[in-house]
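Trainee: okay, here's the prediction I keep looking at, along with the sequence it came from:
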Amino acid sequence: MIPMRPTLAVLILFAAFYASGVRAQDRWASAGAETQRVEGLDTVTLHRSRTKVGNRPQFLSVTLLPGHGMDLFQVTADIPGHGETPLIASPSLEEAARRMNDSKSDQWSYVSYGMGAAILLPWASRISGAVSADHSTVSTNWHGHPLALHINSSGKYAVHGLIEEAKVQGLKTTTTANGETVTGLLHAGDFGGRWPSSTDVRFTVTLTAAAVDVKVEATNVGNQPEPMAIGWHPYFALPSHDRSQARLHVAAERYAETVPSDGLTTGVLLPVAGTPLDFRELDGAPLPSASMNVNFSALHRQGCVARLSDPPSDYGLCIRLLSSAIDTVQVYSPNDASFVAIEPQFNFPDPMGREWRNMDTGLATLEPGKSAVWHVRLELFRPKNSRQ
């Protein structure tokens, strides 16, 4: 997530999420993942029963919002000694449906970026450029192709892509001995006239005891080249509610420098070594006392690119990158919140911005008929007993 100056209404809404998000999660396991209609489509929940696997944690469910760009709204797991535990900072599904279905207060589905785990496409993070006179659009260009995008942050940026209002169709759920898989297809077209070509997006989400596997494949089905980047915006919860005890590992050598006053990227990548942003140790390091919002790059792809552990809950989460196109990981954690957003994505923030001076910023060029794949796997571990 990128620094923003949202409207007062959005600030109040986000404050409510941060203050009550984990308490709302406490209601999730007891109330169950009831079906709701979000943006005209029913939610979908993959689920599996607990199995006897000793004292190892295991995933139990994944709830998705096909009416809202296939958001992974919630993931639950059986944590030894704690029972079924929500792993995503989200309100109740009923409350989320009420807020997401309110088009008057959420014109561009921005509310979903404050909860759950939104899929970001055809870019992640911020795009800057020339702001229209009425502050409704920001204009930039890609290889000479003009792009006009709706502004949904700080009155001057377009953030987090164009599929949060999209409805995923053709859903198919299959059951195996180990769990369940759901697939779906989005005919995104040219994203409402905002993109140079037409795109189809295929989603595959698989739940097993040992992993949650998320794959997004974007294919250029038009007749012009197009830019493409894919990311994720998951708010990973700390079950203990104690941010001071959390530990973070990020296998990255560099981070993107930002301007302290507004968090804008400067186009300079700095080494993490010797800084408070060095999270390379396998057991991780404590989160800083201040809020953090940092883009990491030069990733080590073997093993877990990121690990979040909550020792008081004997809970840990590993994020593995299964796509070589994922070049950066954004980490966002307010100092007063009991979650950490760990966001694997193709691109650097503001990937078309002039500050990068023609550097490769992670935007793939999709020729007609070509595809780009974003693929991530979540795994569980017990931080008191495991080094992986």
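Mentor: Noted; the coordinates are in hand.

Trainee: I figured M352 hits I127, correct?
Mentor: Yes - using CB atoms under 8 Å, M352 is in contact with I127, at 5.9 Å. Every residue, glycine included, has its C-beta placed from N, CA and C.

Trainee: now the common contact residues for the two.
Mentor: T140, L147 (CB atoms under 8 Å, 6 or more residues apart in numbering).

Trainee: in terms of neighbours, single out the busier of those two.
Mentor: The neighbour count for M352 versus I127, taken as other CB atoms under 10 Å, is higher for I127 (25 against 19).

Trainee: where do the helices sit along this structure?
Mentor: When secondary structure is read from DSSP state H, the chain shows helices at 8-31, 93-100.

Trainee: mean pLDDT for those: which is lowest?
Mentor: The weakest mean pLDDT among those belongs to helix 8-31, with a mean of 40.

Trainee: list the contacts for the residue sitting nearest the centre point of the chain?
Mentor: Compute the mean C-alpha point of the chain, and by CA atoms, centre = their mean the closest residue is H233, 1.5 Å away. With contacts taken as CB under 8 Å, 6+ apart, H233 has the following neighbours: M1, Y113, G116, A117, A118, I119, L120, A124, H160, A341, E343.

Trainee: pLDDT score assigned to the residue lying closest to T258 once chain neighbours are set aside?
Mentor: With sequence-adjacent residues excluded and distances taken as CB to CB, 6 or more residues apart in numbering, T258 is closest to T265, at 5.6 Å. The model reports T265 with a pLDDT of 93.

Trainee: wait, doesn't H300 sit right on A251?
Mentor: Yes - using CB under 8 Å, H300 and A251 qualify as a contacting pair, with a distance of 3.9 Å.

Trainee: and H187, how many neighbours?
Mentor: For H187, the count of nearby residues is 14 (other CB under 10 Å).

Trainee: residues contacting it?
Mentor: For H187, the contact set (CB under 8 Å, 6+ apart) comprises Q169, D200.

Trainee: so how far is V221 from it?
Mentor: For H187, the distance to V221 under the criterion CB to CB, to the nearest Å works out to 8 Å.

Trainee: in the sheet, who's paired with the residue nearest to the centre of the chain?
Mentor: A118 (DSSP bridges).

Trainee: how about stretch 269-285: buried residues?
Mentor: Buried residues in stretch 269-285, counted by 16 or more other CB atoms under 10 Å: L269, V272, L277, F279, G284, A285.

Trainee: got it, and stretch 290-306?
Mentor: Using 16+ other CB under 10 Å as the burial criterion, the residues of stretch 290-306 that qualify are M292, N293, V294, N295, F296, S297, L299, C304, V305, A306.

Trainee: same deal with stretch 140-160?
Mentor: Under the neighbour-count rule (16+ other CB under 10 Å), stretch 140-160 has 140, 142, 147-149, 151-154, 157-160 buried.

Trainee: thinking again about what came up before, report the separation between the residue nearest to T258 and A188.
Mentor: From T265 over to A188 the distance is 27 Å, taken as CB to CB.

Trainee: flag the shaky bits of the stretch 1-150 of the chain, pLDDT-wise.
Mentor: Low-confidence regions of the stretch 1-150 of the chain, defined by pLDDT under 70, span residues 1-33, 53, 103-110.

Trainee: now the strands: where do they sit in it?
Mentor: Secondary structure of the stretch 1-150 of the chain by DSSP state E, counting those that start in this stretch: the strands cover 37-38, 41-42, 44-47, 58-65, 71-79, 83-86, 117-120, 126-127, 130-131, 137-142, 145-150.

Trainee: out of those, the one nearest E164 is which?
Mentor: strand 117-120 (6.3 Å; CB to CB).
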